[in-house]
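Trainee: Any chance you can model this:
(one chain, ligands or ions: 2)
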Amino acid sequence: MENRTIAITRTFDDIEAATHRAIASIGGMQSVMQGGRNALLKPNFVAGRNATTGSTTHFAIIKAVAEEVRACGAKPFLCEIPGTEFDCEATYTLLGLEQFCQDNHISLLRLDPEGGAEDWIEIQATGARVLRQFRVPRLLHDQGTRLINLPVLKTHVVSIMSLSMKNLMGILPRPERRTMHTFGIDQCIVDMNFGIQPDLTIVDGCVGQDGDGPLYGDCADLQVLVAGRNNLAVDLVCCQLVGVKPRSVPHLKLALAQMGKPDWQVVGEEMSILKQFILPQKKSLYRSIFWSMFLLDYPYSWLAERGKHLCTTIYNSGLVGTRPQINQERCTRCGTCVETCPLPNVIDLQILKINYQSCQRCLLCYEQCPEHAISVKGYSGART
Ligand code: SF4
Ligand code: SF4
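Mentor: Numbering: from 1, shown residues only. Ligands and ions are numbered 1, 2, ... in the order given. Just a heads-up that it's a prediction; the model follows:
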């Protein structure tokens, strides 16, 4: 029988302890693993901004989940292909993922982001309308693998909310993600969820983000986790917690119409609005530019070297996107930004310029500059 339980747990005391509580409340990890040998953990590491910004999944949640997986005699794997405009390895470096995985006995799955046949396998999505077949990691296709979805509770400038259903995009290769952006992101998110159903979802609302999420919105400081088995039900509960009408989120509206409203039963904390979320401003120009970058990527990638995408090239030009910029009048050349930047040779203090070919827009330099000599440019995160 389907487990309809949704657990709401606050993280005030300790995030790891709260994660263990949430897992126990939905029936325990044994009931999720059911003898499976592997667990594929899918966090939200869309870019290299750490969890205190509300952009990415908190390591404490992943650590607790991995412990529970191992206690069931199974092996935890972590898999995430960051957003197309970001470099995979640089994102892992910014987040310190390699070390974290090593310390916690988690295997970091490094897959070919372009969908090479050795790493990926195509599946059919019964009930899908646009994205009828797509590739997923080969490991996920193994009968002994369980999928544990670990999204972040935040807004999204393109899809309004980024919750459980949308988070699965990060285990699709980049060509599929281009298809989704080009042919209707909202329907494609629903289609993707017809094809992949996680065995467990725990939404990270330790911080969360509203306004212009998913990367440069406002920290929401929700201090909550929401766990369950059904992605749509989990997302509907998350919306209630932040005062968002599900039908104002286009992919949830489509999911309700095409999948039907699921039943659920909440355990744990009482359901009340934790914070009234401010949704992203409608930036039609930004959305049109973003959409056309994916459309034009088809001819671009036929001509360019494998692995190069138009949106990466445009972002790397330093002309668009959220990006730091040094104010030459204010800068004292103290060197703090260079020490803070986790990537090598990005900031040149001789000429006071940032190399946008390698900068991954984490904004740590902006946050640490003692002279406030770094400003942030760009459409989203309009801090200047
Ligand atoms: S931290 Fe600020 S003041 Fe110091 S070198 Fe960098 S930009 Fe200049
Ligand atoms: S230059 Fe600043 S924004 Fe760019 S990667 Fe380094 S710390 Fe992050």
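
Trainee: mind listing what's buried in the lengthiest helix in the chain?
Mentor: The longest helix of the chain (DSSP state H) is helix 284-303. Residues of helix 284-303 classed as buried under the neighbour-count rule (16 or more other Cβ atoms under 10 Å) are 286, 290, 293-294, 297, 300-301. In short, each C-beta sits where N, CA and C put it, glycine included.

Trainee: With pLDDT and distance to residue 106 as new columns, can the residues you listed be given to me in a markdown table?
Mentor: Shown next, in a markdown table, are the buried residues of helix 284-303 (pLDDT from 0 to 100; distance: Cβ to Cβ, whole Å):
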| residue | pLDDT | distance to residue 106 |
| --- | --- | --- |
| 286 | 77 | 35 |
| 290 | 83 | 32 |
| 293 | 91 | 33 |
| 294 | 93 | 31 |
| 297 | 95 | 32 |
| 300 | 95 | 35 |
| 301 | 93 | 32 |
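
Trainee: biggest separation within the residues you listed, which pair?
Mentor: 286 and 301 (22.3 Å; Cβ to Cβ).

Trainee: By mean pLDDT, flag the weakest helix or strand of the chain.
Mentor: For the chain, using mean pLDDT, DSSP states H and E, the weakest element among its helices and strands is helix 284-303, scoring a mean of 89.

Trainee: wait, isn't residue 287 in contact with residue 158?
Mentor: Yes - shown here, residue 287 and residue 158 form a contact pair, counting by Cβ atoms under 8 Å, at 6.2 Å.

Trainee: in the stretch 1-150 of the chain, what residue is nearest ligand 1?
Mentor: residue 94 (17.5 Å; Cβ to the nearest ligand atom).

Trainee: Give me the phi and psi angles of that residue.
Mentor: Dihedral angles of residue 94 (phi, psi; degrees, to the nearest 10) stand at phi -60, psi -40.

Trainee: Please apply the same query to residue 220.
Mentor: Geometry field for residue 220 lists phi and psi as phi -100, psi -20, criterion degrees, to the nearest 10.

Trainee: Enumerate every residue touching it.
Mentor: Contacts for residue 220 were tallied using Cβ atoms under 8 Å, 6 or more residues apart in numbering; they are 54, 153-154, 205, 207-210, 242, 275, 277.

Trainee: Going by distance to ligand 1, which of those residues wins?
Mentor: Checking those against ligand 1 with Cβ to the nearest ligand atom, the nearest one is residue 54 at 23.9 Å.

Trainee: And the closest one, how far from residue 257?
Mentor: Taking Cβ to Cβ, to the nearest Å as the measure, residue 54 and residue 257 are separated by 30 Å.

Trainee: Which one's more surrounded, these two?
Mentor: In this comparison of residue 54 against residue 257, neighbours counted by other Cβ atoms under 10 Å, the higher total goes to residue 54 at 28 against 11.

Trainee: okay, the buried residues of helix 284-303 in JSON lines with distance to residue 349 next?
Mentor: Output for the buried residues of helix 284-303, formatted as JSON lines (distance: Cβ to Cβ, whole Å):
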{"residue": "286", "distance to residue 349": "32"}
{"residue": "290", "distance to residue 349": "33"}
{"residue": "293", "distance to residue 349": "32"}
{"residue": "294", "distance to residue 349": "36"}
{"residue": "297", "distance to residue 349": "35"}
{"residue": "300", "distance to residue 349": "34"}
{"residue": "301", "distance to residue 349": "36"}
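
Trainee: Thanks a lot, see you next time.
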